[in-house]
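> Curious how this folds, go ahead:
(chains A and B)
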Amino acid sequence: MKHDQPQLIDALAAEYVLGTLRGAARRRFERWQSAEWHVASRVRTWEGRLIPLALGLPPIAPSPELWERIEERIRTADAPHADTARRRAARPALRALAAVLVLCAIFAGGYVAWRMTEPLRLQTVATIKGAQGPVLWRIELDARHERLRAVALASAAARPGHSFELWALPPGKGAPVSLGVLPGAGQLERKLTVAQRAALANAAQVAVSLEPPGGSPTGAPTGPVLFVAALTRA
Amino acid sequence: MSNADAVNSMDDELARLVHACAARDRQALRQLYDLMAGQMLASMVRILKRRALAEEALQDVFVSIWQRAAQFEGGRGPARIWLMAIARHRAIDVLRSERVDLYRAADVEQMPEPAMESLGDWSSAGRSAAALARCLEELSGQQRRGIELAFVNGYSHADIARVTGEPLGTIKSWIRRGLASLRQCLER
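You can find the predicted model right below:
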């Protein structure tokens, strides 16, 4: 499936939540949403829109013995899983170790790059454009991945009362990391934090979401994802 | 306490219980069951028609909540929506595997229209159900009927075509346009 068609994703998410997406298409869409956060985020938006309709139905009391059957199933389900629970408990430690290794790699890579190239020579790592439209922004990084510059190329994207925010998309289900608000015109350059650099090092894609002025108030995308672009390594 | 406050504290309480389930607190699952099972069953019986089938699916839902509680992220939406979504997706999955007679009446005492005026009590996280009710009103009668048959009764495009006698393509476009107008209206 195409990954850069926000309208298609939104329409599929709506029919998935409504229940009319069926059969193989439903299975395919479920796999897609568990792999891609921006697809999952559209599903959550539609759940928030439609599910109040189900909450308005008068409740029906379940049969009295139903709870006992649930309890019984949980007891049997939990017993053989003690092992995996322990393994799961070890995961945060592994993740932290992986993060440390990634950071070491970034610092080592940054140091080598610093020795080999002039500082602040910027290289384009992503171009953001609509399905057919012109390129809207060019995203550039310096060789040390310390500074990011976003250059607005077309003002067609301007939406009054909103900001466009750039996100690094981690592979799999991880949460996107904000890389800041994009300029409506001209260019913006900023120093990246360690977290942003780590996110960029892991990311294969960046996305742009529509947010309230000044960017997302929550640290996660709150508006629709308008564009997704591949990240090429500087 | 206003309705909105009541709803928020209900969502806070549900979120707390889901987190407690993630920490393997069975008492918390029981409390979630007391708060949500009736609502879930109401929605699932309308989709699956037979009460016994819906109750079996409801068991699966609570086992699934117990297993997936750690995946719940409070910041990403109200707990009630997350819980209800699990119930609805399960019901639709069961529809696929069981031969459900979609056209029999559901095992519900009476089949009232969804109580839109009572939806105000369930407003949550800034996107009030009252807005949904208002936006559904703005749709054409055909679009609204298509969306309600799909959402409440669990009908597929083909099922809706059969009960309305309209061609499948027409139904698909009613629903597609209805959802697009709904989105536009809710984003206003």
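
> For the rest of this, base every contact and every neighbour count on C-alpha atoms.
Noted.

> Do any residues in the lengthiest helix in chain B lie close to chain A?
Counting by DSSP state H, the longest helix found in chain B is helix B:26-48. Yes: with C-alpha under 8 Å from any C-alpha of the partner chain as the criterion, chain A is reached by helix B:26-48 at B:30, B:33, B:37-43.

> helices or strands up against the helix or strand just after that helix?
Next helix or strand after helix B:26-48 toward the C-terminus (DSSP states H and E): helix B:51-68. Applying 3 or more C-alpha pairs under 8 Å, 6 or more residues apart in numbering or on different chains; DSSP states H and E, we find helix B:51-68 packed against helix A:66-78, helix B:3-22, helix B:26-48, helix B:79-97.

> So what's the gap between the shortest one and the chain middle?
In other words, helix A:66-78. Averaging C-alpha coordinates over helix A:66-78 and over its chain gives two centres that are 36 Å apart (C-alpha atoms, centre = their mean, to the nearest Å).

> Mark out where each domain of chain B begins and ends.
According to automatic domain parsing, chain B comprises the domains B:1-107, B:128-188.

> which one of these has the lowest average pLDDT?
Across these, the stretch with the lowest average pLDDT is domain B:1-107; it has a mean of 87.

> got the residues of chain A near chain B?
A:11, A:14, A:17-23, A:44, A:47-62, A:66-67, A:69-70, A:73-74.

> List only buried entries from these.
A:11, A:14, A:17-22, A:44, A:47-58, A:60, A:62, A:67, A:70, A:74 (16 or more other C-alpha atoms under 10 Å in any protein chain shown).

> Which parts of stretch A:206-213 count as buried, going by neighbours?
By neighbour count with 16+ other C-alpha under 10 Å, stretch A:206-213 contains the buried residues A:206-212.

> ugh, wrong one, stretch B:172-188
Judged by neighbour count (16+ other C-alpha under 10 Å), stretch B:172-188 contains these buried residues: B:172, B:174-179, B:181-183, B:185-186.

> Outside of that stretch itself, list whatever touches it.
Contacting residues not belonging to stretch B:172-188 are listed as A:11, A:14, A:49, B:131-132, B:135-136, B:139-140, B:142-144, B:146-147, B:157 [C-alpha atoms under 8 Å, 6 or more residues apart in numbering or on different chains].

> returning to that earlier point: for the buried residues of stretch A:206-213, which one is nearest A:Leu182?
Ranked by distance to A:Leu182 (C-alpha to C-alpha), those are led by A:Val208 at 8.6 Å.

> Which secondary structure state is assigned to that closest one?
On the three-state scheme (DSSP: H, G, I helix; E, B strand; the rest coil), A:Val208 is labelled strand.

> show me the contacts for it.
Neighbouring residues of A:Val208 by C-alpha under 8 Å, 6+ apart: A:164-167, A:225-228.

> Which ones among those lie within strands?
A:164-167, A:225-228 (DSSP state E).

> what about the strands in chain A?
Using DSSP E, strands in chain A cover A:122-129, A:135-142, A:147-152, A:163-169, A:177-181, A:187-191, A:205-211, A:225-230.

> Any chance of CSV for the buried residues of stretch A:206-213, columns pLDDT?
Compiled in CSV, those are given as follows (pLDDT from 0 to 100):
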residue, pLDDT
A:Val206, 91
A:Ala207, 90
A:Val208, 88
A:Ser209, 87
A:Leu210, 84
A:Glu211, 82
A:Pro212, 79
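
> Those residues into JSON lines, with extra columns for distance to A:Gly133?
As requested, these are arranged in JSON lines below (distance: C-alpha to C-alpha, whole Å):
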{"residue": "A:Val206", "distance to A:Gly133": "18"}
{"residue": "A:Ala207", "distance to A:Gly133": "16"}
{"residue": "A:Val208", "distance to A:Gly133": "15"}
{"residue": "A:Ser209", "distance to A:Gly133": "17"}
{"residue": "A:Leu210", "distance to A:Gly133": "17"}
{"residue": "A:Glu211", "distance to A:Gly133": "21"}
{"residue": "A:Pro212", "distance to A:Gly133": "24"}
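
> sorry, back to before: okay, the angle between the longest helix of chain B and helix B:79-97?
Going by axes from the mean of the first three to the mean of the last three C-alpha atoms, to 10 degrees, helix B:26-48 is angled at 50 degrees with respect to helix B:79-97.

> for chain A, what spans make up the helices?
For chain A, helices defined by DSSP H occupy the ranges A:6-18, A:23-35, A:37-50, A:52-55, A:66-78, A:82-116, A:194-202.

> average pLDDT across the longest one?
Think helix A:82-116. The model assigns helix A:82-116 a mean pLDDT of 67.

> Likewise for the fifth one?
The predicted model gives helix A:66-78 an average pLDDT of 90.

> Give me the contacts around it.
Under C-alpha under 8 Å, 6+ apart, the answer for helix A:66-78 is B:30, B:33, B:55, B:59-60, B:62-63, B:66.

> distance between the ends of stretch A:125-140?
This stretch, stretch A:125-140, spans 5 Å end to end (C-alpha to C-alpha, to the nearest Å).

> outside of that stretch, which residues touch it?
With contacts defined as C-alpha under 8 Å, 6+ apart, stretch A:125-140 is touched by A:4-5, A:122-124, A:141, A:148-157, A:206, A:227-234.
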